[in-house]
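Chemist: predicted coordinates and the sequence they were generated for:
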2 protein chains.
Amino acid sequence: MAEGEEAVSNKQVILKHYVAGYPKESDMEFKNTTIKLNVPEGSNVVVLKNLYLSCDPYMRSRMRKLEGSYVESFTPGEPITGYGVAKVLESGDSKFKKGDLVWGMTGWEEYSIATPTQDTLYKVHDKDVPLSYYTGILGMPGMTAYVGFYEVCSPKKGETVFVSAASGAVGQLVGQFAKMFGCYVVGSAGTKEKVDLLKSKFGFDEAFNYNEEQDLDAALKRYFPDGIDIYFENVGGKMLDAVLLNMKLHGRIAVCGMISQYNLENTEGVHNLFNLIAKRIRMEGFIVFDYYHLYPKYLEMIIPQIKAGNVVYVEDVAEGLENAPNALVGLFSGRNVGKQVVVVSRE
Amino acid sequence: MAEGEEAVSNKQVILKHYVAGYPKESDMEFKNTTIKLNVPEGSNVVVLKNLYLSCDPYMRSRMRKLEGSYVESFTPGEPITGYGVAKVLESGDSKFKKGDLVWGMTGWEEYSIATPTQDTLYKVHDKDVPLSYYTGILGMPGMTAYVGFYEVCSPKKGETVFVSAASGAVGQLVGQFAKMFGCYVVGSAGTKEKVDLLKSKFGFDEAFNYNEEQDLDAALKRYFPDGIDIYFENVGGKMLDAVLLNMKLHGRIAVCGMISQYNLENTEGVHNLFNLIAKRIRMEGFIVFDYYHLYPKYLEMIIPQIKAGNVVYVEDVAEGLENAPNALVGLFSGRNVGKQVVVVSRE
């Protein structure tokens, strides 16, 4: 019998049902299955051994029934899918070969069978950086920070920038990019530990803990007495309302996420949108999918910066697939410090 | 005694106090004053005889105490100010001479003394169109529709356009511009009469009465089964929320006004902003003040269109300064059909 034709065990993380409110570990379950690690004759699939899995806020929306959304719902009873880093065990696709390291869409399981398309699987070209970075700074969140800041925010040197969820997978990079660009940067986060990290590790000029502020408007006025030129929006709701009061004329709001709203059955209303007119603000939603053609350019910029130590990246690493549901759920209470990764296997 | 040195009577419309909630006629009062119609030696003021006054939604915000806004509060106890058309009786400014017809900022009174600056007073160049048009299609609302549609909406031929407050001073023009441009255009308004006007007079493809719709989302889905590319926002609140659900990918929302919110002590919350991300929408507030450099270009385009009958303009004309408070108040209940003008004097 040829290699791969014998079935091996393959533990999976299954979404049990669509989720209302905050997701719980009990919305997921483990399933022990088996899988054959071969590529059937004539097939163009690749067989992946999953190494790192990425926990990302956008995955929350996939836990409900979606119609016509930019992402697809997870299928109840099937493994969760998401970004990850994997090793190619067998390949029916000429762009990938056995032994390649790749990142892109994979399953929450030990082994996955994937059908690569242009934007779903990328080869890992540089191995002198931590492999897990391809779930973060060198993957989707890194590209999100890059295109959100440089392409959507239209930054100018000397402008004032506010980043919410600033220690997260995307926010920590937006802050560093904005500092490198010559902006004044303030971030908000939900714990003292994260606030300290923003200032000591990521070089934000200032940072505050939104949980300790009675009045977000007053907090923003404290750090931006002359107003905010650029808001990199990751949270939505009350924070957005307070920011609208503090934007400068011709300010820009890049809308990347609204994590504070994802688990609410009734989202918070935003009341201060008239400021868009009074201050001639451009508020623009974006999705990284539309910008992947810039990925090579981003790698060219970011890899030397990482190697030179000019850009740092903090990960929160959960060990083992068995801790994946807990890690994913933790995102929505802000338990993670930095980018949440799950290690399935280190090689 | 030289002409103008004798005082003549000058009736004024005074704002009595700052206004909360819907403005009432009783928030204003008439005052009989006198004025000398001469230019003091060495002064650069112009003496204006007011002919037409403009009632515009943005005036509502000036009835409250504003700080750091794009407009200034009215001064309680003083005449209301706003756009109007006037005749120059005397001029201390070399750019204007006796007998000139002008449009721009003036007072709600029979005669005003103005100090012209670059963006406050314009000469009426073409007198072959109704003079009152300089409060509407040839004035601030016309420029608002022009720059809002062409500069902010980034329209493409064949796109779908939705305009709220569509029979108003600005909306009726946005609809006509969008049709001329080759778009599919739907408007909303608050009475059957206005809806009929949209279709029969302004050439909107479809129109509906928002007061007769139980479900604005369903109404929009009826007229835009494939979604909205461009929303020209004049009303805010619930309509904006319904529109957000119906925008197409890469849609644009030009935020011109939010009249449904101006008289509310607590504005309605907008809940569907996540659609900005999912659909990569650009939502951009604008103010015509920033675009007056395009006014000559606009006149060059619009005057021939008016003369050829390709663009029409409907005005709601109140006769006499004594009806000005009633006309202004009527804007906020949507009583006006078309652009609300007050005739102070026809010559």
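Modeler: Structure received. Residues are numbered from 1 along each chain as shown, chains lettered A, B, ... in the order given.
Chemist: contacts, neighbours, all on C-alpha from now
Modeler: Fine.
Chemist: sheet partners, orientation included, of the lowest-mean-pLDDT helix or strand in chain A?
Modeler: Least confident helix or strand, chain A: strand A:121-123 with a mean of 94, by mean pLDDT, DSSP states H and E. When pairing is defined by DSSP bridges, strand A:121-123 lines up against strand A:101-107 (antiparallel).
Chemist: next, count neighbours for the closest residue to chain B within the stretch 101-250 of chain A.
Modeler: Nearest to chain B in the stretch 101-250 of chain A, going by Cα to the nearest Cα, is A:Gly236, at a distance of 8.3 Å. Under the neighbour criterion other Cα atoms under 10 Å in any protein chain shown, A:Gly236 is assigned a count of 24.
Chemist: repeat for A:Pro57
Modeler: Taking other Cα under 10 Å as the criterion, the count of residues near A:Pro57 is 19.
Chemist: kindly state the pLDDT recorded for it?
Modeler: What the model reports as pLDDT for A:Pro57 is 94.
Chemist: report the contact partners of it.
Modeler: Each residue near A:Pro57 by Cα atoms under 8 Å, 6 or more residues apart in numbering or on different chains is listed here: A:259, A:331-332.
Chemist: which phi and psi does it have?
Modeler: Here is the backbone geometry of A:Pro57 (degrees, to the nearest 10): phi -50, psi -40.
Chemist: that one and A:Ser333: what is the separation?
Modeler: 11 Å (Cα to Cα, to the nearest Å).
Chemist: got it, and A:Asp56?
Modeler: For A:Asp56, the distance to A:Ser333 - Cα to Cα - is 13 Å.
Chemist: ditto for A:Lys199
Modeler: A:Lys199 sits at a distance of 22 Å from A:Ser333 (criterion: Cα to Cα).
Chemist: what does A:Pro141 give?
Modeler: Distance, A:Pro141 to A:Ser333, by Cα to Cα: 19 Å.
Chemist: for A:Asp93, same thing?
Modeler: Applying Cα to Cα, the value for A:Asp93 to A:Ser333 is 40 Å.
Chemist: between the two, who's got more neighbours?
Modeler: In terms of neighbours (other Cα under 10 Å), A:Asp93 is the more surrounded of A:Asp93 and A:Ser333; the figures are 16 against 13.
Chemist: all the helices of the stretch 1-150 of chain A, residue numbers only.
Modeler: Along the stretch 1-150 of chain A, counting by DSSP state H, counting those that start in this stretch, helices occupy A:140-147.
Chemist: find the nearest non-adjacent residue to the residue of it found nearest chain B, please.
Modeler: Across the stretch 1-150 of chain A, no residue is closer to chain B than A:Tyr70, which sits at 5.8 Å (Cα to the nearest Cα). Nearest-residue entry for A:Tyr70: B:Ala278, 5.8 Å, with adjacent residues in sequence omitted and distances by Cα to Cα, 6 or more residues apart in numbering or on different chains.
Chemist: residues touching that neighbour, list them.
Modeler: Residues touching B:Ala278, when contacts are defined by Cα under 8 Å, 6+ apart, comprise A:69-70, A:285-287, B:249.
Chemist: please pick the buried ones from the residues you listed.
Modeler: A:285-287, B:249 (16 or more other Cα atoms under 10 Å in any protein chain shown).
Chemist: for the residues you listed, could you give me TSV that also reports secondary structure, distance to B:Ser188 and pLDDT?
Modeler: Below are the buried ones among the contacts of B:Ala278 laid out as TSV (DSSP: H, G, I helix; E, B strand; the rest coil; distance: Cα to Cα, whole Å; pLDDT from 0 to 100):
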residue	secondary structure	distance to B:Ser188	pLDDT
A:Gly285	strand	26	98
A:Phe286	coil	29	98
A:Ile287	coil	31	96
B:Leu249	strand	22	97
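Chemist: what's the closest of those residues to B:Leu264?
Modeler: Distance to B:Leu264 across the buried ones among the contacts of B:Ala278 (Cα to Cα) is lowest for A:Gly285, with 28.0 Å.
Chemist: ok, what's across the strand from the closest one?
Modeler: A:Val255.
Chemist: tell me the first helix or strand C-terminal of the top helix by length along chain A.
Modeler: Longest helix in chain A, counting residues (DSSP state H): helix A:295-307. Counting by DSSP states H and E, the element after helix A:295-307 in chain order, helix or strand, is strand A:315-319.
Chemist: could the C-alpha coordinates of that next one be exported in PDB?
Modeler: Taking Å, rounded to 0.1, in the frame of the first residue of the first chain, the C-alpha atoms of strand A:315-319 are listed here in PDB:
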ATOM      1  CA  GLU A 315       1.200  36.700  20.100                       C
ATOM      2  CA  ASP A 316      -0.900  34.900  22.600                       C
ATOM      3  CA  VAL A 317      -0.200  31.200  22.000                       C
ATOM      4  CA  ALA A 318      -2.600  28.400  23.000                       C
ATOM      5  CA  GLU A 319      -1.000  25.000  23.000                       C
END
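Chemist: give me every residue that touches A:Asp316.
Modeler: When contacts are counted by Cα under 8 Å, 6+ apart, A:Asp316 is found next to A:336-341.
Chemist: name the nearest residue to it, sequence neighbours excluded.
Modeler: In space, not counting the residues next to it along the chain, A:Asp316 is nearest to A:Gln340; the distance is 4.7 Å by Cα to Cα, 6+ apart.
Chemist: which residues does the one you found contact?
Modeler: Counting by Cα under 8 Å, 6+ apart, A:Gln340 touches A:54-56, A:169, A:315-318, A:327-328, A:331.
Chemist: and if we set it to 6 Å?
Modeler: Taking Cα atoms under 6 Å, 6 or more residues apart in numbering or on different chains as the contact definition, A:Gln340 lies against A:55, A:315-316.
Chemist: any idea which of those residues is the one closest to B:Glu25?
Modeler: Of all these, the one sitting nearest B:Glu25 is A:Cys55; the distance, using Cα to Cα, is 59.0 Å.
Chemist: next, count neighbours for that closest one.
Modeler: The criterion is other Cα under 10 Å. On that basis, A:Cys55 has 26 neighbouring residues.
Chemist: and what of A:Gly338?
Modeler: For A:Gly338, the number of neighbouring residues by other Cα under 10 Å comes to 23.
Chemist: so it sits against A:Val312, correct?
Modeler: No - look at A:Gly338 against A:Val312 with Cα atoms under 6 Å: they stay out of range, at 10.9 Å.
Chemist: show me the contact partners of stretch A:21-33.
Modeler: Applying Cα under 6 Å, 6+ apart, the contact partners of stretch A:21-33 are A:9-16, A:263-264, A:325-326, A:329.
Chemist: and chain B, which of these contact it?
Modeler: Among the contacts of stretch A:21-33, no residue lies close to chain B (Cα under 6 Å from any Cα of the partner chain).
Chemist: ok, which pair from the residues you listed is furthest apart?
Modeler: A:Ser9 and A:Leu264 (37.7 Å).
Chemist: quick check: closest non-adjacent residue to A:Val314.
Modeler: With Cα to Cα, 6+ apart as the measure, A:Gly338 is the residue that lies nearest to A:Val314, at 5.0 Å, once sequence neighbours are left out.
Chemist: which stretches of the stretch 201-347 of chain A form strands?
Modeler: For the stretch 201-347 of chain A, the strands identified by DSSP state E, counting those that start in this stretch occupy A:206-209, A:228-233, A:247-255, A:282-285, A:315-319, A:339-343, in order along the chain.
Chemist: and these, which is most packed in?
Modeler: For these, the largest average neighbour count (mean count of other Cα atoms under 10 Å in any protein chain shown) is found in strand A:228-233, namely a mean of 28.
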